[in-house]
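Student: sequence first, then the predicted structure, then my questions.
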Amino acid sequence: MSSTPLALFVGLPNPTLSDDEFSLFRETNPLGLFVGRRNLRNPEQARILIERFREAVGRDDAPVFTDQEGGRVQHMDAGPWPLFRSFGQFAELARRDLDLGKRALRLSSQAMGAMMSELGLSSGCSPVLDLVFETTSAVIGARSFGPDPDFIATLGREVVDGLLETGNMPVMKHIPGHGRATLDSHKERPVVDASRETLTATDFKPFVALKETPWAMVAHVVYSAYDAELPASISPIMHEVIRKDMGYDGVLISDCIFMESLRGTLPERVAQVLDAGFDIALHSHGDVKDSEAAAKAARPLTDAAQKRIAAGKARLGTLKIDYRAAQAEVEAMFASTLVS
């Protein structure tokens, strides 16, 4: 096993790590693991799964991510864990009372972060900073704070800071912005034809405002004003736009390479992400054969990526809170304004 992890997250089909998966991960040393609903049944099972992955790769701090935004995107949605509200609901509360909305969102983010950190989960891949319009694909919808980039940045900061405080890594997504896409990148390749001026003044703006966020997930969306053919996640041109024009110097991980906006085999998709200059390819599910194929196409993290990862870790706080009590307080805030 190489001492430098591969620039790859792997996924699993089941709530346990098989012997074959354990051996593969020990041999190949992927940077991290991505878990979903299929992998998270209860706290004890989740802790064992996370610990076993870390044992396989030989790193106690190996990142284990999930999708835990609130609303319809929260993979910890089984009985043992509380449910969290969508960003769209917090936006509605904040439009009625901005200070109350910010306080509720900060506390909810702390609660969610504490819940994940208690299990050993490193991140819930949040917040979503995409704008939403009448034409936006339903894949975004209530995951967004709305159409106003400044409002999104204001609320997004509460999520970023709340997660950091509880030792959970924020990952802003989907940089440089999925909101103008009218197609679902899980199923098709969206093309956004807005001008550079429009994108800079709108979609890009929340990401620039929160560019100190340690990690960002890159959209599988074509921005034809910059690159008429390739989605941002595999475009060297868009890599330069994010790094130079937008000034983002944190960790850049692709959206899941299984999504059908990308083309080619899984190994080809891994190579496309890394060839474009991005730090990490996300392979969020699949079986052991898929993980093996992805690992063969991956390569060790670059020195620059390792420094970015270390810089992000250095910003994690140690706040401990009772996440159930905090979430109950959030619900009381909503009840006080009669926001359903």
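Tutor: That came through, no problem.

Student: list the buried residues in stretch 311-325.
Tutor: Within stretch 311-325, the residues scored as buried using 16 or more other Cβ atoms under 10 Å are 312, 316-317, 321, 323. Where C-beta positions appear, they are placed from N, C-alpha and C, glycine not excepted.

Student: oh, I was asking about stretch 187-207
Tutor: 189-192, 194, 199-200, 202-207.

Student: pLDDT on it, on average?
Tutor: Mean pLDDT, computed over stretch 187-207, is 96.

Student: chain center to it: distance?
Tutor: 19 Å (Cα atoms, centre = their mean, to the nearest Å).

Student: related to what we said a few turns ago, dump the buried residues of stretch 187-207 into a markdown table; add secondary structure and distance to Ala293 as well.
Tutor: Formatted as a markdown table, the buried residues of stretch 187-207 follow (DSSP: H, G, I helix; E, B strand; the rest coil; distance: Cβ to Cβ, whole Å):
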| residue | secondary structure | distance to Ala293 |
| --- | --- | --- |
| Arg189 | coil | 22 |
| Pro190 | coil | 26 |
| Val191 | strand | 28 |
| Val192 | strand | 31 |
| Ala194 | coil | 36 |
| Leu199 | helix | 35 |
| Thr200 | helix | 38 |
| Thr202 | coil | 38 |
| Asp203 | coil | 34 |
| Phe204 | coil | 34 |
| Lys205 | helix | 38 |
| Pro206 | helix | 35 |
| Phe207 | helix | 32 |
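
Student: before we move on, which element is Lys320 in?
Tutor: Lys320 is part of no helix or strand, with elements assigned from DSSP states H and E.

Student: what's the answer for Glu292, then?
Tutor: Here Glu292 is assigned to helix 288-297, by DSSP H and E.

Student: what helices or strands is the helix or strand just after that helix leaning on?
Tutor: Beyond helix 288-297 on the C-terminal side, the first helix or strand identified by DSSP H and E is helix 303-313. On a contact count with 3 or more Cβ pairs under 8 Å, 6 or more residues apart in numbering; DSSP states H and E, helix 303-313 meets strand 251-256.

Student: so which bits of the next helix or strand after the strand it packs on are buried?
Tutor: Remark: after strand 251-256, the chain's next helix or strand is helix 266-275, criterion DSSP H and E. Residues of helix 266-275 classed as buried by neighbour count (16+ other Cβ under 10 Å): 266-267, 269-274.

Student: kindly report the same for stretch 67-75.
Tutor: Per 16+ other Cβ under 10 Å, stretch 67-75 contains these buried residues: 67-71, 73-75.

Student: then that stretch to PDB, C-alphas only?
Tutor: In PDB, the C-alpha atoms belonging to stretch 67-75 read as follows (Å, rounded to 0.1, in the frame of the first residue of the first chain):
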ATOM      1  CA  ASP A  67     -24.900  13.700   1.900                       C
ATOM      2  CA  GLN A  68     -26.600  15.300   4.900                       C
ATOM      3  CA  GLU A  69     -28.100  18.700   3.900                       C
ATOM      4  CA  GLY A  70     -31.600  18.400   5.400                       C
ATOM      5  CA  GLY A  71     -34.900  18.100   3.600                       C
ATOM      6  CA  ARG A  72     -35.000  15.400   1.000                       C
ATOM      7  CA  VAL A  73     -31.200  15.000   0.900                       C
ATOM      8  CA  GLN A  74     -30.300  13.500   4.300                       C
ATOM      9  CA  HIS A  75     -28.900  10.000   4.200                       C
END
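
Student: centre of the chain to stretch 34-52, how far?
Tutor: With Cα atoms, centre = their mean, you get 18 Å for stretch 34-52.

Student: now do that stretch: distance from first to last residue.
Tutor: Chord length of stretch 34-52, first to last residue, is 14 Å (Cα to Cα, to the nearest Å).

Student: tell me which residues of that stretch are tucked away?
Tutor: Result for stretch 34-52 [16+ other Cβ under 10 Å]: buried residues 34-35, 39-40, 43, 46, 49-50.
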